[in-house]
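K.L.:
Fold the following for me, if possible:
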Amino acid sequence: MPLEATIRTWRPQRFGRRAARHIDDPLIEPLWPGIRVLGHATPGDARFVDADGGPQLWPDVSESLANALRAESAILDGYLTPEPQNPGFGAIAGVDEEPPARTLGRQLFWFGDERRRREREALREAERPRPIEPDETIIFVAVDLLELDGQQLLDVPLLERKRLLDAVVDDAPLARRGMHIRPPLGTWISTWRALGFRAIAYKSANSRYRPGEPNDDWATAPLPIR
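P.N.:
Below you'll find the model as predicted:
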């Protein structure tokens with residue numbers, strides 16, 4: 001299928017105003033730095049469009065995504081981001097030993113006024129598109145699948161979209177699938193912080209996707225300080 005036939009005018013869905021602790025049955029992901037894009041891909045080509053509708057031209061990344069695709073066409077939500085220092089990071093993984101829920105709750109949602117202020121500032125900084133430096137190796141990290149072989153998946157629950165994503169996109173040198181976990185965060189807090197993440201995304205496993213619109217089933221939160 002020619003790539004032009006798969007291009008849509010969609011924009012990335014925006015996070016809503018609901019607090020992360022109120023997201024039902026959440027999947028938790030690290031909030032990637034860089035540029036949020038939709039990737040339109042076929043096995044022969046791929047193109048990236050940012051939240052303003054502008055093209056993001058990264059020929060090597062486009063080639064890597066096209067080679068990683070195991071479908072006739074796909075539209076993916078994801079990030080153009082500097083390559084993580086840990087080359088094995090990016091695949092879905094399980095949860096390590098779980099801390100007591102009460103302890104984790106305090107870590108996530110109870111802060112003094114000064115700490116709350118610092119966390120809000122850190123969250124705003126983490127959500128802001130990050131300029132890419134000329135010497136950085138850039139990869140595409142796919143976190144959602146919006147269309148597959150011409151079939152829209154916008155009304156398919158997020159958890160099922162992620163399962164489909166795992167089946168149609170292989171990990172490649174410059175294109176990978178993002179990871180997600182179920183609560184609690186456990187030792188992922190220190191792991192993600194060591195990799196440079198400062199914020200996380202909570203997304204309801206049952207959430208649908210509305211291109212370009214805010215969705216209260218998606219929220220961001222600062223990565224807790226253990």
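K.L.:
Tabulate the CA atom coordinates of the helix or strand hosting Glu29 in CSV.
P.N.:
Glu29 is part of strand 26-30 when elements are defined by DSSP states H and E. Taking Å, rounded to 0.1, in the frame of the first residue of the first chain, the C-alpha atoms of strand 26-30 are listed here in CSV:
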residue,chain,number,x,y,z
PRO,A,26,-4.0,2.3,34.8
LEU,A,27,-1.1,1.3,32.7
ILE,A,28,2.0,3.3,33.7
GLU,A,29,4.7,4.4,31.2
PRO,A,30,7.7,6.6,31.5
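K.L.:
what is the mean pLDDT for it?
P.N.:
Across strand 26-30, the average pLDDT comes to 97.
K.L.:
in that strand, what's buried?
P.N.:
Neighbour-count burial for strand 26-30 flags Pro26, Leu27, Ile28, Glu29, Pro30 (criterion: 16 or more other Cβ atoms under 10 Å). For glycine as for every other residue, the C-beta is placed from the backbone atoms N, C-alpha and C.
K.L.:
go on, stretch 38-51?
P.N.:
Leu38, Gly39, His40, Ala41, Thr42, Pro43, Asp45, Ala46, Arg47, Phe48, Val49, Asp50.
K.L.:
Same question for stretch 149-166.
P.N.:
So stretch 149-166, judged by 16+ other Cβ under 10 Å, has buried residues Leu153, Val156, Pro157, Leu158, Arg161, Lys162, Leu164, Leu165.
K.L.:
of the residues you listed, closest to His22?
P.N.:
Leu158 (16.4 Å; Cβ to Cβ).
K.L.:
Check the contact between the closest one and Leu146; I expect there is one.
P.N.:
No. Look at Leu158 against Leu146 with Cβ atoms under 8 Å: they stay out of range, at 10.9 Å.
K.L.:
Going along the chain, name the strands of the protein.
P.N.:
14-15, 26-30, 35-42, 45-50, 55-56, 74-82, 138-148, 151-152, 175-177, 199-204, 214-215, 218-222 (DSSP state E).
K.L.:
Pull the distance from the fourth one to the chain's centre.
P.N.:
Relative to its parent chain, strand 45-50 has a centroid offset of 16 Å by Cα atoms, centre = their mean, to the nearest Å.
K.L.:
what about Gly34, how many neighbours?
P.N.:
20 (other Cβ atoms under 10 Å).
K.L.:
oh sorry, the question was meant for Asn215
P.N.:
17.
K.L.:
coming back round to it: and the angle for the strand holding Glu29 with strand 138-148?
P.N.:
150 degrees (axes from the mean of the first three to the mean of the last three Cα atoms, to 10 degrees).
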